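Q: Generate a structure from the sequence data that follows.
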Amino acid sequence: MAIIETATETILRVATLGSKVSSAIISFFQRTRNAPIALKIIMKDIDMLCGIMTRIRNHMCRKGEHFNSQGLETIQTYVEKCEATFKEIEKDLEEIVQCLSTKFKRDGDEEDNKRPFNSSRVEELRDELRGAKTVLLRESIGNIG
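A: A predicted model of the protein is given here:
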């Protein structure tokens, strides 16, 4: 049962972080006209993952004994991967706020590639989130039913 408690605490912590990052993105959109549309896409990915994690956590709290240990380990691993990705997004968001507040120059592709949330960075982050979403959905279906 301690494993389930640890997993539910981790899920709650990471889902809370995800919500915080989504709120920061919304706030950023409200403050600037230059917000990259990629942020909105990433925000939707985060919100979806937080919903999946919340569903898993709620089920664990109700019927934790039905989760197998391998499934719990997998869930724990991928929730922690989400946490790392959420922290990266949070850091990138802080950088873009800084860049825009110092009137970051757009001097061509080389400069654009240094910017947070350039197209390759967005795809990298989305791939990480999609991978986690796929595994968490699979585990939730396998363990929740």
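Q: quick one: least confident helix or strand in this structure?
A: Among the helices and strands of the chain, helix 109-114 carries the lowest confidence by mean pLDDT, DSSP states H and E, at a mean of 45.
Q: Going by length in residues, pull out the top helix of the protein.
A: helix 69-101 (DSSP state H).
Q: List the buried residues of that helix.
A: 71-72, 74-75, 78-79, 81-83, 85-86, 88-90, 92-93, 96-97, 99-100 (16 or more other C-beta atoms under 10 Å). Every residue, glycine included, has its C-beta placed from N, CA and C.
Q: do stretch 14-28 as well
A: Val14, Ala15, Leu17, Gly18, Val21, Ser22, Ala24, Ile25, Phe28.
Q: could I get those residues as JSON lines with secondary structure and distance to Thr54?
A: Shown next, in JSON lines, are the buried residues of stretch 14-28 (DSSP: H, G, I helix; E, B strand; the rest coil; distance: C-beta to C-beta, whole Å):
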{"residue": "Val14", "secondary structure": "helix", "distance to Thr54": "10"}
{"residue": "Ala15", "secondary structure": "helix", "distance to Thr54": "6"}
{"residue": "Leu17", "secondary structure": "helix", "distance to Thr54": "13"}
{"residue": "Gly18", "secondary structure": "helix", "distance to Thr54": "10"}
{"residue": "Val21", "secondary structure": "helix", "distance to Thr54": "15"}
{"residue": "Ser22", "secondary structure": "helix", "distance to Thr54": "13"}
{"residue": "Ala24", "secondary structure": "helix", "distance to Thr54": "19"}
{"residue": "Ile25", "secondary structure": "helix", "distance to Thr54": "19"}
{"residue": "Phe28", "secondary structure": "helix", "distance to Thr54": "24"}
